[in-house]
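J.: Have a look at this prediction, sequence included:
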Amino acid sequence: MSVARAADFSFEELRKLLESFGYEEAKTGRASRARVAFINHQTKSIIRLHKPHPNPELKRYQLDDVVGISLNQLVQKALEDKVAVEGRKRG
């Protein structure tokens, strides 16, 4: 599947987007200025990446990673929901 990605998507834009999907930025440890994790406590999913510097724009591979992780999490959630629905139909 091909997904169009902006060439100048900034870290701040990604942070706002992930927060809108229920993720929270977690800054921990000595390297918290460079590395960051976004945690969705409801789905128990974590997205980890390095903050871009000196420019705020994310690299293509970072966008690819976030999209790939997000798609995998959406598929996993859909499968879990399907199993739950099928279990309720049987029980």
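T.: Perfect, thanks for sending it.
J.: Please identify the buried residues of the helix or strand in which residue 46 is found?
T.: In this assignment (DSSP states H and E), residue 46 forms part of strand 45-50. Using 16 or more other Cβ atoms under 10 Å as the test for burial, strand 45-50 gives 45, 47, 49. Where you see a C-beta, it was placed from the backbone N, CA and C, and this is true even at glycine.
J.: and which of those is nearest residue 83?
T.: Set against residue 83, the nearest of these by Cβ to Cβ is residue 45 (17.6 Å).
J.: Dump the strand holding residue 46 to PDB, restricted to CA.
T.: Extracted C-alpha coordinates of strand 45-50, given in PDB (Å, rounded to 0.1, in the frame of the first residue of the first chain):
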ATOM      1  CA  SER A  45       1.000   1.000  21.900                       C
ATOM      2  CA  ILE A  46       4.300   2.900  21.800                       C
ATOM      3  CA  ILE A  47       5.900   4.800  19.000                       C
ATOM      4  CA  ARG A  48       9.600   5.600  19.500                       C
ATOM      5  CA  LEU A  49      11.700   8.000  17.500                       C
ATOM      6  CA  HIS A  50      14.500  10.600  17.600                       C
END
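J.: now for the very next helix or strand once past that strand, which elements pack on it?
T.: Downstream of strand 45-50, the first helix or strand assigned by DSSP H and E is helix 60-90. In terms of contacts (3 or more Cβ pairs under 8 Å, 6 or more residues apart in numbering; DSSP states H and E), helix 60-90 is packed against strand 45-50.
J.: could you give the angle of the strand it packs on to helix 60-90?
T.: 180 degrees (axes from the mean of the first three to the mean of the last three Cα atoms, to 10 degrees).
J.: looking at this protein, which helix or strand is least sure?
T.: Lowest by mean pLDDT, DSSP states H and E among the helices and strands of the chain is helix 60-90, with a mean of 79.
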